[in-house]
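A.B. asks: next input, structure requested:
(one chain, ligands or ions: 1)
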Amino acid sequence: MQTAPAGAPLTIDASTGLLAGARQVLSPHYDTRPAGSSPELIVVHGISLPPGEFGGPWIDRLFTGTLPAEAHPYFREISGRRVSAHALIRRDGEIVQYVPFEARAWHAGESEYRGRAACNDFSIGIELEGTDDTPYTQAQYGALAALTAALLATYGSLSAEAIVGHSDVAPGRKTDPGPLFDWARFHTLLKEVHAA
Ligand SMILES: [Zn+2]
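C.D. replies: Below is the predicted model of the structure:
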């Protein structure tokens with residue numbers, strides 16, 4: 001298990017796009033970025049399945065296309081969706097990776113960042129296990145800062161200034177990671193990890 005407190009450096013193998021030490025649950029829901037596109041933006045999301053419940057196997061199942069529709073009424077709505085994210089940070093700070101970082105994951109949907117549509121083409125999507133109205137955990141902030149620092153160190157096309165919430169690139173359609181996500185706390189931690 002990857003618990004990544006702030007300050008613990010994480011490393012990404014640039015040849016495979018995989019995070020060392022992460023639990024790898026590779027998703028079939030990805031493809032290659034358009035020619036000439038590289039990761040320039042990090043999109044932070046929030047997710048829980050069923051909504052408001054933490055710790056089950058269902059996020060892995062959704063992102064691998066194996067969510068059983070009959071297991072929960074909500075799953076009937078979403079079980080056929082072909083979606084993914086590059087990584088998930090669980091409530092205890094464990095990092096799960098679904099898609100190699102240089103590939104295109106299917107997380108942002110219809111979206112726009114500074115006049116550019118289709119954010120999946122040029123972004124990395126990181127899910128935090130949570131809801132809009134539950135504070136994220138210290139372990140999650142620590143792991144997110146450590147993962148972000150590793151991404152910044154690996155992909156020179158990324159920048160600490162280009163990190164947004166899903167709600168920022170799909171306003172009116174998406175609200176995650178929600179108003180309780182503490183951007184100032186995250187950026188403070190990121191600076192600490194980055195300087196370490
Ligand atoms: Zn989202």
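A.B. asks: buried set for the helix or strand in which residue 192 is found?
C.D. replies: Per DSSP states H and E, residue 192 falls inside helix 183-195. Neighbour counts over helix 183-195 (16 or more other C-beta atoms under 10 Å) mark 186, 189, 190, 193 as buried. Glycine gets a C-beta too; all of them are placed from N, C-alpha and C.
A.B. asks: and what of stretch 11-21?
C.D. replies: Neighbour count says stretch 11-21 has 12, 17, 18, 19 buried, by 16+ other C-beta under 10 Å.
A.B. asks: for stretch 157-171, same thing?
C.D. replies: 158, 162, 163, 164, 165, 166, 167, 168, 169, 170.
A.B. asks: so which of those residues reach the ion?
C.D. replies: residue 166 (C-beta under 5 Å from the ion).
A.B. asks: which of the buried residues of stretch 157-171 fall in helices?
C.D. replies: 166, 167, 168, 169 (DSSP state H).
A.B. asks: from the residues you listed, pick the one nearest the ion.
C.D. replies: Using C-beta to the ion, residue 166 is the member of those that lies nearest the ion, at 3.4 Å.
A.B. asks: please tell me how far the closest one sits from residue 159.
C.D. replies: 18 Å (C-beta to C-beta, to the nearest Å).
A.B. asks: which one is residue 72 nearest to, not counting chain neighbours?
C.D. replies: residue 50 (4.8 Å; C-beta to C-beta, 6 or more residues apart in numbering).
A.B. asks: tell me how many other residues crowd the one you found.
C.D. replies: 13 (other C-beta atoms under 10 Å).
A.B. asks: just to revisit the earlier point, export the buried residues of stretch 157-171 to CSV and append columns for pLDDT.
C.D. replies: What follows is these, written out as CSV (pLDDT from 0 to 100):
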residue, pLDDT
158, 98
162, 98
163, 98
164, 98
165, 98
166, 98
167, 98
168, 98
169, 98
170, 98
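A.B. asks: mind listing the residues bridging to the residue nearest to the spatial centre of the chain?
C.D. replies: With distances taken as C-alpha atoms, centre = their mean, residue 126 lies nearest the centre of the chain, 0.8 Å away. Applying DSSP bridges to residue 126 gives these bridge partners: residue 44, residue 87.
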